[in-house]
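Colleague: The following block contains a protein sequence and its predicted model.
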Amino acid sequence: MIQKSDRKRADLIVGIQWGDEGKGKIVDLLAQNYDIVVRYQGGHNAGHTIVVEGKTYALHLIPSGVLNPKAVNVIGNGVVISPEALIKEMKQFENLEGRLLISDSAHMILDHHILLDQAKEKLRGKKAIGTTGRGIGPAYSDKIARSGFKIGMLRDLDKLEADLREYLQQNEPIFKSLDINLDLDSLRGKLEEYARELNSYIINTTNYLWKALDDNKRVLLEGAQGTMLDIDHGTYPYVTSSSTISAGACIGTGLNPKDIGEVTGIVKAYATRVGNGPFPTEDFGDDGEKLREQGHEFGTTTGRPRRCGWFDAVAVKSASRLNGCDGLSIMKLDVLDGFEKIKVCVAYEVNGEEIDYIPSNLEDAKPIYREFDGWEKTEGARDFDQLPENAQNYLREIEKIVGTKISIVSTSPDRDDTIRV
Ligand code: IMP
């Protein structure tokens, strides 16, 4: 019988702001030390590009471990999969047999989900969430409403087609009212293509992961989006439709809480947000513009300019607690190079009162800042001692306020420009 303390645990990478923290670089870097990398929530709303040996790869659904030829990549049951997007993404790689596994319980994003997402956003008008338009919300809604379609159903196309046609017929009044016209003639052909391209990758990934841990394999769980976009703990309704926090990794894989090992929170040295919703430290002036330009803050999935602002230590502190972070990876420190003064939000003022937690009415919170002296250059630094004193001071203070130790600092997109603290 294996003693609890001897058991292998799965380590976890989680975004602790509004997504786009730079998780891809860290997973790509750490994936070299893991046998298996797993996505557990979200869908192709996520995205990052990774450059390896001059070639650029766009990843939305396939875990970032795919660039380590030895790693097996798992898309867990908690992910919502657009078969079309996945097939397209898989074509970037020569042979994924044995290196990509898809949970048979993951739900599919089908054409009607995408059309519903876009139509509902239009209806919301000024109150639009600013979704990526990828069908994420409607696919998760169907899953929760128990009318979704698991990808494992591709194994029985006749049943899947019949069930899907029945569902589409039942929901016809809704589609009609939203001016959605579905092309049902091509339905069978599409499902056949999905089955042909994907069936050999589809398995029970929960069993696979249990066995992997029992066999002492090293497993890395890769979160998508960020904590402030979590369906329960984020800035609802301006959130995504999945559990983006570390607890979501259990639901989205079938591992239990005792299977989880080290949790690393990924956080940018400043803050960004795409889409609508409260963002207390957003900077609408020159500093925000400079962060956007220096940080190339434009969405990988949608190309939208990201809203930019200062590091919100109140939000990060509570995100670190929510996720149980053992360490923080501070990304894109070099983007702050050349700023004379750098601000950090250390508390909020809400209705004249100072608070150090996230209130339910975050839109009313005004940031209370502490100002730090800037520095000239951190870009390319690979050692903590190489960093200018002001940058070291900035990091140390963040660590103190957030109350979680910094384990990694990134100073450029390059894999090697990384400091292990
Ligand atoms: P959805 O996930 O497409 O439904 O979008 C809901 C909200 O989450 C919108 O504000 C999106 O901009 C945001 N969002 C979704 N995925 C990402 C991501 O990978 N990075 C940053 N924001 C995201």
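Modeller: That came through fine. Small disclaimer: the values here were computed from a predicted structure and weren't measured.
Colleague: Quick check: residues of the stretch 201-350 of the chain near the ligand?
Modeller: Taking CB under 6 Å from any ligand atom, the part of the stretch 201-350 of the chain that reaches the ligand is made up of 224-225, 229, 238, 240-241, 274-275. Using the backbone N, CA and C atoms, a C-beta is placed for each residue, glycine as well.
Colleague: could these go into CSV alongside pLDDT, neighbour count and distance to Ala313?
Modeller: Output for those, formatted as CSV (pLDDT from 0 to 100; neighbours: other CB atoms under 10 Å; distance: CB to CB, whole Å):
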residue, pLDDT, neighbour count, distance to Ala313
Ala224, 96, 29, 24
Gln225, 96, 29, 20
Leu229, 98, 28, 19
Tyr238, 97, 22, 21
Thr240, 98, 27, 23
Ser241, 98, 24, 28
Val274, 94, 23, 21
Gly275, 91, 22, 22
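Colleague: and which of the residues you listed is nearest to the ligand?
Modeller: Closest approach between these and the ligand, by CB to the nearest ligand atom: Gly275, at 2.1 Å.
Colleague: Most proximal residue of the stretch 1-150 of the chain with respect to the ligand?
Modeller: Counting by CB to the nearest ligand atom, the stretch 1-150 of the chain gets nearest the ligand through Gly19, at 2.8 Å.
Colleague: quick revisit: can you name the two of the residues of the stretch 201-350 of the chain next to the ligand that sit furthest apart?
Modeller: Ala224 and Tyr238 (16.9 Å; CB to CB).
Colleague: which outside residues touch the helix-or-strand element of the chain with minimal mean pLDDT?
Modeller: When the helices and strands of the chain are compared on mean pLDDT, DSSP states H and E, strand 48-52 comes out lowest with a mean of 79. If you take CB atoms under 8 Å, 6 or more residues apart in numbering as the criterion, strand 48-52 is touched by 22-25, 28, 56-59, 64, 67, 300, 413.
Colleague: Using PDB, list the CA coordinates for it.
Modeller: Output of strand 48-52 as PDB, limited to C-alpha atoms (Å, rounded to 0.1, in the frame of the first residue of the first chain):
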ATOM      1  CA  HIS A  48      -0.900  31.800 -26.600                       C
ATOM      2  CA  THR A  49       1.900  31.700 -29.200                       C
ATOM      3  CA  ILE A  50       5.100  30.000 -28.400                       C
ATOM      4  CA  VAL A  51       8.200  30.400 -30.500                       C
ATOM      5  CA  VAL A  52      10.600  27.500 -30.600                       C
END
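Colleague: Note down every partner strand of that strand and its orientation.
Modeller: Note on strand 48-52: by DSSP bridges, its sheet partners are strand 55-59 (antiparallel).
Colleague: How far away from the center of its chain is the strand it pairs with?
Modeller: Remark: strand 55-59 is offset 17 Å from the chain centroid, using CA atoms, centre = their mean, to the nearest Å.
Colleague: How about the secondary structure of Thr272?
Modeller: strand (DSSP: H, G, I helix; E, B strand; the rest coil).
Colleague: The nearest residue to it once chain neighbours are set aside: neighbour count?
Modeller: Nearest residue to Thr272, sequence neighbours excluded (CB to CB, 6 or more residues apart in numbering): Arg306, at 4.2 Å. Counted with other CB atoms under 10 Å, the neighbours of Arg306 add up to 21.
Colleague: got the residue ranges for the helices in this structure?
Modeller: Listed in chain order, the helices of the chain (DSSP state H) span residues 23-30, 83-90, 111-124, 136-144, 157-170, 172-177, 187-198, 205-214, 247-251, 286-294, 313-323, 389-402.
Colleague: ok, the residue lying closest to Ser410 once chain neighbours are set aside - contacts?
Modeller: Leaving aside its sequence neighbours, Ser410 sits nearest to Met331 (CB to CB, 6+ apart; 4.6 Å). Met331 makes contacts with 21-22, 25-26, 266-269, 410, as judged by CB under 8 Å, 6+ apart.
Colleague: and if we set it to 6 Å?
Modeller: Counting by CB atoms under 6 Å, 6 or more residues apart in numbering, Met331 touches 21-22, 268, 410.
Colleague: can I get those residues in TSV with pLDDT?
Modeller: Conversion of the contacts of Met331 to TSV gives the following (pLDDT from 0 to 100):
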residue	pLDDT
Glu21	95
Gly22	92
Lys268	98
Ser410	97
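Colleague: Using CSV, lay out those together with neighbour count.
Modeller: Shown next, in CSV, are those (neighbours: other CB atoms under 10 Å):
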residue, neighbour count
Glu21, 27
Gly22, 20
Lys268, 28
Ser410, 25
